[in-house]
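**Q** No sequence on hand, only this structure:
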């Protein structure tokens with residue numbers, strides 16, 4: 001049984017998924033071309049960040065696994081790679097290193113697409129498009145498709161807000177609806193994925209505030225493409241996020257429109273001021289919708305007989321992930337040992353789900369904290385505050401984890417943290433010694449790194465040559481999705 005409330009109308013429709021959505025789509029056996037067309041969807045290979053570390057800075061976070069190419073692993077490990085970069089710092093920057101260890105980052109940089117990673121680089125194990133890509137899509141349309149696909153198995157109630165009836169032990173006894181006379185639902189397990197934690201809040205459990213994250217408001221809106229030229233210009237294989245004066249601006253390119261989200265702190269700019277700025281940029285016809293939020297999470301996802309997923313469990317601004325990712329991950333934890341029509345969960349499952357889902361959400365909070373805190377921007381009161389000692393002290397748990405990871409030289413094992421460290425120039429401390437000074441006095445070391453450098457340049461040139469033959473994202477999406485006939 002699905003209970004759908006009016007709050008859905010306040011949500012942004014344009015969502016960005018990570019690769020975990022592939023599990024969900026496979027689980028429900030959706031035809032890719034069909035559902036993408038119905039959901040206004042485009043391909044997404046990762047995130048691009050602009051002006052976060054400092055003005056004019058740029059870095060990527062590809063979804064595909066970052067690793068040294070297989071045919072280069074006899075020459076390089078991560079230490080020698082960074083040593084080489086240190087020695088040739090005038091010609092190799094951090095984005096170059098990411099290109100070397102992530103073929104997909106080249107596709108992002110050039111806004112190109114391929115059906116397999118092997119189209120770009122020879123590897124022993126082929127990785128098809130689904131293994132390193134995700135999507136931009138209309139989330140309301142996708143939910144409607146799923147409901148229609150299983151309409152024989154579900155009932156849908158559309159209400160303003162349900163009335164929750166509790167047992168003596170605090171668990172939910174039933175849900176009733178004031179606007180549907182005589183309607184009452186009882187169940188063994190209730191799943192809360194509402195924006196306002198409609199069921200979860202009745203448990204009276206403490207919401208753990210993420211004090212290191214100061215943004216508390218979002219304004220989102222949609223800008224349709226005026227013509228085909230505008231569509232071609234805007235279709236990209238990434239989600240773009242730009243650091244702005246009082247927060248961040250996220251751009252999600254759907255097939256027929258661009259969806260924008262501005263996450264900001266109302267302590268530093270008023271709603272009216274921001275709306276005036278956005279109106280000047282996008283015109284008076286744009287319909288703005290605002291959402292207030294408090295960032296953090298609950299301790300456990302499953303409490304009593306309620307499973308809280310998405311915003312009902314953890315609220316984090318859409319920066320290093322999307323709200324839909326949290327929802328999908330919750331579904332994965334719940335469904336991976338079940339089928340769409342047969343479902344069972346025991347006490348061991350509950351322990352596993354709580355631990356895995358808590359860890360997933362906390363890592364997103366930590367990554368978001370690093371993204372703001374490690375910035376060098378200080379051009380206004382907002383950026384001075386989010387990078388201040390006060391915020392650093394509120395981030396003790398995050399900083400302790402980062403210090404442990406960094407000092408143990410295992411930064412590269414945490415992919416999103418590793419790519420963030422590259423973009424913020426924080427990865428260099430993993431270099432064990434000053435290779436530049438050493439190379440000046442040791443000819444064997446210098447000749448060895450010259451050999452590595454020449455091999456590196458040859459390898460990168462082969463990337464350059466192959467990437468030019470790839471199809472741009474707009475035409476790839478047209479050919480593989482929108483030009484395809486519909487199937488039953």
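**A** Perfect, I can see it now. In this text the structure is predicted, and so the values were computed from the model without any measurement.
**Q** end-to-end on stretch 284-296?
**A** 34 Å (Cα to Cα, to the nearest Å).
**Q** in it, what counts as buried?
**A** By 16 or more other Cβ atoms under 10 Å, the buried positions in stretch 284-296 come out as 291, 293, 295, 296. Quick note: C-beta positions are derived from backbone N, CA and C, even for glycine.
**Q** now do stretch 46-61
**A** Neighbour-count burial for stretch 46-61 flags 46, 47, 48, 49, 50, 51, 52, 53, 57, 59, 60, 61 (criterion: 16+ other Cβ under 10 Å).
**Q** mind listing which of those are in strands?
**A** In this view, the buried residues of stretch 46-61 that belong to strands under DSSP state E are 46, 47, 48, 49, 50, 59, 60, 61.
**Q** which two in those are spaced the farthest apart?
**A** Maximum pairwise distance among these (Cβ to Cβ): 13.7 Å, between 46 and 50.
**Q** What's the local residue count around the nearest residue to residue 35 once chain neighbours are set aside?
**A** Leaving aside its sequence neighbours, residue 35 sits nearest to residue 145 (Cβ to Cβ, 6 or more residues apart in numbering; 5.7 Å). As a burial measure, residue 145 scores 15 neighbours (other Cβ atoms under 10 Å).
**Q** any idea which helix or strand comes after whatever helix or strand residue 145 lives in?
**A** Residue 145 belongs to helix 139-149 when assigned by DSSP states H and E. Tracing the chain C-terminally past helix 139-149 and defining elements by DSSP H and E, one meets strand 156-159 next.
**Q** hey, where'd the helices end up in the stretch 151-300 of the chain?
**A** Along the stretch 151-300 of the chain, counting by DSSP state H, counting those that start in this stretch, helices occupy 228-234, 271-282.
**Q** These: which one's closest to residue 207?
**A** That would be helix 271-282 among the helices of the stretch 151-300 of the chain, by Cβ to Cβ, at 23.6 Å.
**Q** Rounded mean pLDDT for the closest one, please.
**A** For helix 271-282, the mean per-residue pLDDT is 84.
**Q** returning to that earlier point: ok, the buried residues of stretch 284-296 vs residue 480, which is closest?
**A** Of the buried residues of stretch 284-296, the one sitting nearest to residue 480 (Cβ to Cβ) turns out to be residue 291, at 33.5 Å.
**Q** That closest one - nearest residue in space that isn't next to it in sequence?
**A** In space, and not counting its chain neighbours, residue 291 is closest to residue 218: 4.7 Å by Cβ to Cβ, 6+ apart.
**Q** can you check residue 282 too?
**A** residue 223 is the one closest to residue 282 (Cβ to Cβ, 6+ apart), at 5.9 Å.
**Q** if I pick that neighbour, what's in contact with it?
**A** 257, 258, 260, 282, 286 (Cβ atoms under 8 Å, 6 or more residues apart in numbering).
**Q** Which residues does the first one form beta bridges with?
**A** What that stands for is residue 257. Applying DSSP bridges to residue 257 gives these bridge partners: residue 224.
**Q** May I have the phi/psi pair for the closest residue to residue 304 other than its chain neighbours?
**A** With Cβ to Cβ, 6+ apart as the criterion, residue 304 has its nearest non-adjacent residue at 3.9 Å, and that residue is residue 171. Per-residue torsions, residue 171: phi -80, psi 170 (degrees, to the nearest 10).
**Q** Could you do residue 152 as well?
**A** phi -70, psi -20.
**Q** any idea how far it lies from residue 107?
**A** Applying Cβ to Cβ, to the nearest Å, the value for residue 152 to residue 107 is 41 Å.
**Q** try residue 362
**A** Counting by Cβ to Cβ, the gap from residue 362 to residue 107 is 30 Å.
**Q** Looking at these two, which is more packed in?
**A** Neighbour count, other Cβ under 10 Å: between residue 362 and residue 107, residue 107 has more, with 27 against 18.
**Q** quick one: contacts of stretch 142-158?
**A** With Cβ under 8 Å, 6+ apart, stretch 142-158 has contacts from 1-5, 28, 30, 35, 38-39, 177, 180, 183, 185, 340-341.
**Q** Please apply the same query to stretch 27-36.
**A** Contacts of stretch 27-36 with the rest of the structure, by Cβ under 8 Å, 6+ apart, involve 25, 41-42, 135, 137, 142, 145-146, 149-150, 335, 340, 480-481, 484, 486-487.
**Q** again with stretch 466-482
**A** Contacts of stretch 466-482 (Cβ under 8 Å, 6+ apart): 32-33, 36-37, 41-43, 106-107, 110-114, 119-121, 231-232, 235-237, 255.
**Q** before we move on, what about stretch 365-378?
**A** 49, 51-55, 210, 212-213, 243, 295-297, 314, 316-317, 319-320, 383-384, 386-387, 391-392, 395, 397-398, 401-402, 416-417, 420, 424, 426.
**Q** quick revisit: now the buried members of the contacts of residue 223.
**A** 257, 258, 260.
**Q** possible to save those residues as TSV with distance to residue 303?
**A** Supplementary listing: the buried ones among the contacts of residue 223 in TSV, determined by distance: Cβ to Cβ, whole Å:
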residue	distance to residue 303
257	38
258	39
260	35
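**Q** and which of those is nearest residue 202?
**A** Checking the buried ones among the contacts of residue 223 one by one against residue 202 (Cβ to Cβ), the nearest turns out to be residue 260, at 34.3 Å.
**Q** thought the closest one was touching residue 234?
**A** No. Residue 260 is not in contact with residue 234 according to Cβ atoms under 8 Å; the separation is 11.3 Å.
**Q** What is the burial count for residue 219?
**A** 20.
**Q** mind checking how far it is from residue 355?
**A** Distance of residue 219 to residue 355, computed by Cβ to Cβ: 35 Å.
**Q** Return the distance of residue 56 relative to residue 377.
**A** 11 Å.
**Q** what's the closest non-adjacent residue to residue 20?
**A** residue 328 (5.1 Å).
**Q** Look up how far residue 32 lies from the one you found.
**A** Counting by Cβ to Cβ - residue 328 and residue 32 are separated by 16 Å.
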